[in-house]
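**Q** This is the structure alone, sequence omitted:
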């Protein structure tokens, strides 16, 4: 038997939500002239934000089915087979060496053309407790672990906390592979890592 719940997210967005078994989320925009129920891919950041807002931080108001506006299409009451077997996500864009000349030169000067760097993520503790959810966003990168640990300790405040993640970079033909030891709530862009590393190396050479 399916557990179906309905939520009004007017605090933070224009959406109504239908949640099935607290996992499958459908969203419809109240401002649309022709609203539709959009299935939120559970593998994406938008699902993470909606799910936390509804269930972790309880920022959306639970309502009865009858409170959904009459101009909306019928609310979902099951999960179509096609949504239970979603197609694979498209592969990320390759990180081309030519797009990161500073990182390219740095890696070429190392044995095996590879390196382990350290990514610092910032968490807003007030947001984690009272906002839309818990999120760790990239703040900075370091070549030395000791420098990263010192930065995390010195920068933390009552509401700012820093998380450390290791990241392995390696030249593979014409691309750079970037493997981050990520955890729950991490929102990390590989491009963002390489951009910050480029800035870090450039600053050290200045």
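**A** Yes, it's here. Since the model is a prediction, treat every value here as computed from it, not as a measurement.
**Q** contacts, neighbours, all on C-alpha from now
**A** OK.
**Q** where does the chain have its least confident helix or strand?
**A** In the chain, the helix or strand scored least confidently by mean pLDDT, DSSP states H and E is helix 125-130, which has a mean of 85.
**Q** Buried residues of it, list them for me.
**A** When neighbours are counted by 16 or more other CA atoms under 10 Å, the buried residues of helix 125-130 are found to be 125, 128.
**Q** Please apply the same query to stretch 24-34.
**A** Applying a neighbour-count criterion of 16+ other CA under 10 Å, one finds 24-30 buried in stretch 24-34.
**Q** For my notes, please list the residues you listed in a markdown table and give pLDDT for each entry.
**A** What follows is the buried residues of stretch 24-34, written out as a markdown table (pLDDT from 0 to 100):
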| residue | pLDDT |
| --- | --- |
| 24 | 96 |
| 25 | 97 |
| 26 | 97 |
| 27 | 97 |
| 28 | 96 |
| 29 | 95 |
| 30 | 92 |
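**Q** just those residues now: which is nearest residue 134?
**A** For the buried residues of stretch 24-34, the closest approach to residue 134 (CA to CA) belongs to residue 25, at 18.4 Å.
**Q** which residues sit against the longest helix along the chain?
**A** Longest among the helix segments of the chain by residue count, using DSSP state H, is helix 190-205. Applying CA atoms under 8 Å, 6 or more residues apart in numbering, the external contacts of helix 190-205 come out as 95, 100, 102-103, 119, 138, 140-142, 178.
**Q** could you pull out the strands for this protein?
**A** Under the criterion DSSP state E, strands of the chain are mapped to 4-8, 15-20, 24-29, 38-39, 61-63, 114-124, 136-142, 160-172, 175-180, 186-187.
**Q** Which strands and helices lie in contact with the third one?
**A** Right, the one you point to is strand 24-29. Applying 3 or more CA pairs under 8 Å, 6 or more residues apart in numbering; DSSP states H and E, one finds that strand 24-29 makes contact with strand 15-20, strand 38-39.
**Q** what do you get for the longest one?
**A** Identification of packing neighbours for strand 160-172 by 3+ CA pairs under 8 Å, 6+ apart yields helix 101-108, strand 114-124, helix 145-155, strand 175-180.
**Q** can I see the domain layout of the protein?
**A** According to automatic domain parsing, the chain is divided into the following domains: 4-84, 97-205.
**Q** picking that back up, out of the helices and strands packed on strand 24-29, deepest packed?
**A** Burial among those, expressed as mean neighbours by mean count of other CA atoms under 10 Å, is greatest for strand 15-20, which shows a mean of 23.
**Q** Touching that one from outside, list them.
**A** Contacts to strand 15-20, defined as CA under 8 Å, 6+ apart, come from residues 2-10, 25-30, 68, 75-78.
**Q** can you check stretch 145-165 too?
**A** The contact list for stretch 145-165, computed with CA under 8 Å, 6+ apart, reads 117-126, 136, 141-142, 180-182.
**Q** Can I have the buried ones of those as a ChimeraX selection?
**A** Remark: buried members of the contacts of stretch 145-165, expressed as a ChimeraX selection using 16+ other CA under 10 Å:
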select :117,118,119,120,121,122,123,124,125,136,141,142,180
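**Q** Farthest-apart pair in the contacts of stretch 145-165, please.
**A** When the contacts of stretch 145-165 are compared pair by pair using CA to CA, the maximum separation belongs to 117 and 126, at 28.5 Å.
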